[in-house]
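> give me the fold of what follows.
(2 chains, ligands or ions: 2)
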Amino acid sequence: MTVPLTLLGLLEREPSHGYDLKRDYDAYFGRGKPLSFGQVYSTLSRLARDGKVVISDLEPGEGPDRKRYVITDLGATEVDSWLTEPVAPEPHLQTVLFAKVTLALMLGRNAETYLDTQRAAHLRRMRELTEIKRSGGLVDALLADHGLFHLEADLRWIDLTSARLDALATEVRS
Amino acid sequence: MTVIEARQVVLSFGETPALRGADLAVAEGELLAIMGPSGSGKSTLLHCLAGILVPESGEIHFDGRRVDRLGESGRSRLRRDEFGFVFQFGQLVPELTAQENVALPLLLNGVRRAAAVAEARAWFGRLGLDGLQERRSGELSGGQAQRVALARGLVARPRVLFADEPTGALDSLTGEHVMDLLVSAARQEGTTVVLVTHEPRVAAYADREVIVRDGKVHSLTAEAIA
Ligand SMILES: Nc1ncnc2c1ncn2[C@@H]1O[C@H](COP(=O)(O)OP(=O)(O)OP(=O)(O)O)[C@@H](O)[C@H]1O
Ligand SMILES: [Mg+2]
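Ligands and ions are numbered 1, 2, ... in the order given. Reported below is the predicted structural model:
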């Protein structure tokens, strides 16, 4: 789960209120899936329970929105190691694409049509991302590019698989 | 409205069939990407649409005219008056400066030299090429040369721009920059673009894509699965 680590990371900039964290998370990381306040406060209280943040209520009054959260050394260490660790480069051998093609061939269905419609769907998404890239700022462009390169990798695989369907069919049906 | 169309186009090179009944219609102002495996007939189709090659059978329609029925000189006039071209490489005239290269289509259309040069110069600012007007093609980077070629392809305000792998010789960042400029300029001018590319990220700049496979055009939209 990246939400707790991302919130911790945002707290490393400066002690913040829950609503500041939500606003910045939604702006930079939410991408159309904003966090609910409930999610923010439950995450923060779990982080507090685990000793990764502490609550400083220097401001008078009650209620969660009065509290400021401060990252602890433990929390900062966790953010640091998360940021320096590579993400496991998954082999993706069991992707949905792969499973569908293989199953289609086993069942004697038309895998080529499936691959063509998949290609069209991928390209449509790539067009949307390209449009975002052309009309948005650099942060949007960076994120769109990440998506585009991944979709492109899928498409290369789709093309290669299309070209090998006959041989593949023989192999999975034998 | 369809501006250019191929109907059941067949063409072979000797024993090699390149197109086996290709159908394609491109709408006015549309940006169409033609994709497909190497050797499938993409460039041949583009050359037929543009009146460079004449099909053995089938029809090419442009703006109500039968391109395949025109003679050599009629087709060459059509190309000069209505079409622009950008190819992968080797298209700038090495003896001319970048600016003269861009002005060339206008000069060939009978525009007076001073007017042609002024018109050409405007494209240098637009495509981020300021200061390169006097360079010859040997003195330009690949990306710069390709932007000059793009300016040359668009300077005469063609109805249709034909681009065959226009970013094929460029690294991906430079290629995307060229595509970005191509799309912006085409949209501003209302130019129809027929773009051949095997790169999905380049095709993603288009409005629509078709796949050429074994000399035939397959158009499959994602709506089919939606
Ligand atoms: N001038 C030519 N003489 C002989 N054969 C040709 C000629 N031009 C193309 N061909 C053949 O016609 C077929 C289609 O070629 P075409 O150049 O249209 O393919 P393409 O899809 O553009 O391929 P690529 O992606 O490699 O550019 C191929 O088999 C090719 O070898
Ligand atoms: Mg080609």
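> so which elements touch the helix or strand bottoming out on mean pLDDT in chain A?
Counting by mean pLDDT, DSSP states H and E, the weakest-scoring helix or strand in chain A turns out to be helix A:96-106, with a mean of 75. Where contact means 3 or more CB pairs under 8 Å, 6 or more residues apart in numbering or on different chains; DSSP states H and E, helix A:96-106 is packed against helix A:111-135, helix A:138-163, helix A:165-173. All C-beta spots, glycine's among them, are computed from the backbone N, C-alpha and C.
> dump the ones you listed into JSON lines; add mean neighbour count and mean pLDDT as well.
Shown next, in JSON lines, are the helices and strands packed on helix A:96-106 (neighbours: other CB atoms under 10 Å in any protein chain shown; pLDDT from 0 to 100):
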{"stretch": "helix A:111-135", "mean neighbour count": "19", "mean pLDDT": "89"}
{"stretch": "helix A:138-163", "mean neighbour count": "15", "mean pLDDT": "90"}
{"stretch": "helix A:165-173", "mean neighbour count": "12", "mean pLDDT": "83"}
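> got a list of contacts for stretch B:18-29?
Stretch B:18-29 is contacted from outside by B:1-12, B:32, B:34, B:41, B:44-45, B:48-49, B:55, B:58, B:160, B:190-192, B:194, B:210, B:212, B:214-217, using CB atoms under 8 Å, 6 or more residues apart in numbering or on different chains.
> let's see which of those residues end up in strands.
Using DSSP state E, B:2-12, B:32, B:34, B:58, B:160, B:192, B:194, B:210, B:212, B:216-217 are the members of the contacts of stretch B:18-29 that sit in strands.
> quick check on these: which are buried?
Neighbour-count burial within these applies to B:3-7, B:9-11, B:32, B:34, B:58, B:160, B:192, B:194, B:210, B:212, B:216-217; the criterion is 16 or more other CB atoms under 10 Å in any protein chain shown.
> off-centre distance for stretch A:69-88?
Relative to its chain's centre, stretch A:69-88 lies at 18 Å (CA atoms, centre = their mean, to the nearest Å).
> what does stretch B:188-207 give?
Distance of stretch B:188-207 from the chain centroid (CA atoms, centre = their mean) equals 9 Å.
> so which bits of that stretch are buried?
Buried, per 16+ other CB under 10 Å, within stretch B:188-207: B:191-206.
> got the CA positions of that stretch in PDB?
Output in PDB follows, covering the C-alpha atoms of stretch B:188-207 (Å, rounded to 0.1, in the frame of the first residue of the first chain):
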ATOM      1  CA  GLN B 188      -4.300  24.900 -37.200                       C
ATOM      2  CA  GLU B 189      -4.300  24.700 -40.900                       C
ATOM      3  CA  GLY B 190      -7.100  22.100 -41.100                       C
ATOM      4  CA  THR B 191      -4.800  19.800 -43.100                       C
ATOM      5  CA  THR B 192      -5.700  16.200 -43.500                       C
ATOM      6  CA  VAL B 193      -2.800  13.900 -42.500                       C
ATOM      7  CA  VAL B 194      -2.000  10.400 -43.700                       C
ATOM      8  CA  LEU B 195       0.700   9.100 -41.400                       C
ATOM      9  CA  VAL B 196       2.500   5.800 -41.800                       C
ATOM     10  CA  THR B 197       4.200   4.600 -38.700                       C
ATOM     11  CA  HIS B 198       5.100   1.400 -36.900                       C
ATOM     12  CA  GLU B 199       5.500   3.100 -33.500                       C
ATOM     13  CA  PRO B 200       2.300   3.000 -31.300                       C
ATOM     14  CA  ARG B 201       3.400   6.200 -29.500                       C
ATOM     15  CA  VAL B 202       3.600   8.100 -32.800                       C
ATOM     16  CA  ALA B 203       0.200   6.600 -33.900                       C
ATOM     17  CA  ALA B 204      -1.300   7.800 -30.700                       C
ATOM     18  CA  TYR B 205      -1.100  11.400 -32.000                       C
ATOM     19  CA  ALA B 206      -3.600  10.500 -34.700                       C
ATOM     20  CA  ASP B 207      -7.400  10.500 -34.500                       C
END
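> that concludes my questions; thank you for your assistance.
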